[in-house]
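**Q** task: produce atomic coordinates for the following.
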Amino acid sequence: MKKIKVLIVDDHTLVRDGIRALLELVADIEVVGEATHGKEALERVEQLAPDVVLMDLAMPVMGGLEATRRIRKYFPDTKVLALTQYDDNDYVIPVIEAGASGFVTKMAAFSELALAIQTVYRGESFLSPSAATALVQEYRLKRSAQGEKDPYHQLTDREREVLKLVAEGHTAREIADMLVVSPKTVEWYKTSLMNKLDLHNKTDLIKFAIRKGIIAP
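**A** Model prediction:
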C-alpha cells in the first residue's frame, strides 16, 4: 500500500511531536519530515517531495501564508493543508487564495485531521466546519456588498414591474390598467426608478433593461 508522505511545519516542538505520534497510527500516512518555519519548509519540500504539507500559519522567518504560495508555485504536485488555531475570515480566506487545498483547526479531532490529509491527497478540498462557515459568511458579505453597489437592487418590486413594462413599450395608461393603479401613480414610479438608476430618458431606460436581461434586445 502506497503511503501518503506528510511534512509537518510548525514552530512548536510539542505540536510537531504530538501530530507525528498520532499520524504514525494511521496505516496509509507516513511522516517524512518536519520544519520549524516556512523557509525551512521549502527546503524540506525540495528534498523530500512530500505529498501533503501540514502548514501552520503564524511562524518566524517565513509565515505559512507565504510558504504556501511558494510551494504551490514551485512544487505544484505537493498539496498544502493549513493547520492552525485560527478559523475566522482573516485566516481562512487568505490561505485558500494562496493555494491551500484545505483548512483544519488545531481544535479538530484527530480523525478529522487524518481524513483531511487523505482528502487533499486525492486532489479534493477539505474545510473544517468552522472554516466552511467563515467562507460562507465571507461569500454572503461580498454578495451583499455587490448588491448595494448595483442600483437595480435599490428598486422596489413595483418599480421593477414598471421598468419592465415601460421598456416593453407600454404607455402609462396601459401600465395603469395592468397594475390597477392610476396613470399618475405609474408616472411617479417611473420618475422614482429613473432617478435611482440615473437614467434620463426612455431610450436610456430601454438600453438599461436590455443590459440587465429584463427584456430581449
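
**Q** for the helix or strand that Glu34 is a member of, packing partners?
**A** Glu34 is part of strand 29-35 when elements are defined by DSSP states H and E. Judged by 3 or more Cβ pairs under 8 Å, 6 or more residues apart in numbering; DSSP states H and E, strand 29-35 is in contact with strand 4-9, helix 13-23, helix 38-48, helix 110-121. C-beta here means a position set from N, CA and C on the backbone, and glycine is covered the same way.

**Q** most tightly packed of these?
**A** Mean neighbours per residue, mean count of other Cβ atoms under 10 Å, is largest over the helices and strands packed on strand 29-35 for strand 4-9, with a mean of 24.

**Q** now the strands for this structure?
**A** 4-9, 29-35, 52-55, 79-84, 102-105, 126-127 (DSSP state E).

**Q** mean pLDDT and distance to Arg72 added to those, as CSV?
**A** Shown next, in CSV, are the strands of the chain (pLDDT from 0 to 100; distance: least, Cβ to Cβ, whole Å):
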stretch, mean pLDDT, distance to Arg72
strand 4-9, 95, 14
strand 29-35, 94, 16
strand 52-55, 95, 10
strand 79-84, 90, 7
strand 102-105, 87, 13
strand 126-127, 86, 16
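
**Q** nearest to Leu115, out of the ones you listed?
**A** For these, proximity to Leu115 was assessed by Cβ to Cβ; strand 126-127 is nearest, at 7.2 Å.

**Q** contacts for that closest one next, please.
**A** With Cβ atoms under 8 Å, 6 or more residues apart in numbering as the test, strand 126-127 has contacts from Leu81, Val92, Ser101, Gly102, Phe103, Val104, Leu115, Ala116, Thr119, Val120, Leu135.

**Q** still on that earlier bit, now distance to Ser128 too, for the helices and strands packed on strand 29-35, in a markdown table please.
**A** Output for the helices and strands packed on strand 29-35, formatted as a markdown table (distance: least, Cβ to Cβ, whole Å):
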| stretch | distance to Ser128 |
| --- | --- |
| strand 4-9 | 17 |
| helix 13-23 | 15 |
| helix 38-48 | 21 |
| helix 110-121 | 7 |
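
**Q** nearest to Ala58, of those?
**A** helix 38-48 (10.6 Å).

**Q** tell me the angle that closest one makes with strand 4-9.
**A** Angle between the axes of helix 38-48 and strand 4-9 is 160 degrees (criterion: axes from the mean of the first three to the mean of the last three Cα atoms, to 10 degrees).

**Q** contacts for helix 38-48 next, please.
**A** 5, 7, 9, 32-35, 50, 53, 55, 59, 61-64, 66-67, 70-71, 74-75, 78.

**Q** check stretch 195-212 too.
**A** Against stretch 195-212 from outside (Cβ under 8 Å, 6+ apart): 151-152, 154-155, 159, 163-164, 166-167, 193-194, 215-217.

**Q** go through that stretch and flag the buried ones.
**A** Residues Lys196, Leu197, Leu199, Leu205, Ile206, Phe208, Ala209 are the ones in stretch 195-212 that count as buried (16 or more other Cβ atoms under 10 Å).

**Q** kindly report the same for stretch 62-72.
**A** So stretch 62-72, judged by 16+ other Cβ under 10 Å, has buried residues Gly63, Gly64, Leu65, Ala67, Thr68, Arg69, Arg70, Ile71, Arg72.

**Q** taking those residues one by one, which sit in helices?
**A** Judged by DSSP state H, these include Gly64, Leu65, Ala67, Thr68, Arg69, Arg70, Ile71, Arg72 as members of helices.
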